[in-house]
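Peer 1: when you get a sec, could you give me coordinates for this:
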Amino acid sequence: MKLLFRGLLLISSLLVIFLIAGMMLPEKIQIESNVVINAPIEKIYSQTTDYKAMAKWYSWSVKDKNIEYTYEGETTGKGAIMHWRSQVDEIGVGSQKIIEADKYKTVKNIIAISGMPRAYSIFKINELDKGIELTWLFDMRTGYNIPARIKALSMKDDIKEHYSQSLQRLKVAME
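Peer 2: So this is what the prediction gives:
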C-alpha cells in the first residue's frame, strides 16, 4: 500500500511540475518577416490575395513536392478558402481563409492548423522609395492550452523559416 501511495505521489508531483512549467511557456507566438520587392504594388497585392498564386511561392511547395492544396469557392479575395495536406510533419494539415482585404494595404487570414488554436496571418504592404515592403505577420494565442504552448514553441522556428523563404521566393518571382 505504501508503494502505491508513493507512486501516486510521484505521478501527482510530476503532473504539477508539468502544469507549472507549461504555464510559464509563452501564451502567444508572434512572428514577423519582411522583404522589399521592386514590382508594382498591384502585382504584389494580387499575390497576397490569390491562394493559387501563393501555392507557387510558398516554401512548402519546395519542402513537400506532393503537398495537396484544395480550395473552396473563389480562390481570390475576401472569403477565399485554401486547405493543405502534407506528409511532412512540420507542414501538416490545415486551412486558411481570407477574412479582410484592404486593397494595397493589408490582407488578413485566419488559419486553422490541426490540433492548434486559431491563428492569424497578416500581410502588410507599404510603399517605399526603394520599392514595396511586404511584411508577413503570424499571430497565435494558445491561452491555457499547455500542449498547444509546447507545440507552438516547436512550430515557431518552422513558421519563421517558411515566411522568410516564401517571401524571398516571391521577390525572385516578381523582380
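Peer 1: can you map out the helices along the protein?
Peer 2: Assigned by DSSP state H, the chain shows helices spanning 2-24, 41-48, 51-57, 60-63, 146-174.
Peer 1: mind listing what's buried along the fourth one?
Peer 2: This points to helix 60-63. Trp60, Ser61, Lys63 (16 or more other C-beta atoms under 10 Å). C-betas here are computed from N, CA, C, even on glycine.
Peer 1: cool, and stretch 95-106?
Peer 2: Ser95, Gln96, Lys97, Ile98, Ala101, Thr106.
Peer 1: quick one: distance of stretch 82-90 to the chain centre.
Peer 2: Centroid separation for stretch 82-90 versus its chain: 12 Å, with C-alpha atoms, centre = their mean, to the nearest Å.
Peer 1: how about residues contacting that stretch?
Peer 2: For stretch 82-90, the surrounding residues in contact (C-beta atoms under 8 Å, 6 or more residues apart in numbering) are 51, 54-55, 60, 63-64, 66-72, 75, 91-97, 155, 158.
Peer 1: could I have the buried ones of those as ChimeraX selection syntax?
Peer 2: To isolate the buried members of those in ChimeraX, using 16+ other C-beta under 10 Å:
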select :51,54,55,60,63,64,67,69,75,91,92,94,95,96,97,155,158
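Peer 1: just give the number of residues close to Pro117.
Peer 2: A count of neighbours around Pro117, defined by other C-beta atoms under 10 Å, yields 16.
Peer 1: quick one: contacts for it?
Peer 2: Contacts for Pro117 were tallied using C-beta under 8 Å, 6+ apart; they are Met140, Arg141, Thr142, Gly143, Asn145, Ala148.
Peer 1: apply 6 Å and report the result again.
Peer 2: By C-beta atoms under 6 Å, 6 or more residues apart in numbering, the residues touching Pro117 are Thr142, Ala148.
Peer 1: got a pLDDT number for it?
Peer 2: As predicted, Pro117 sits at a pLDDT of 84.
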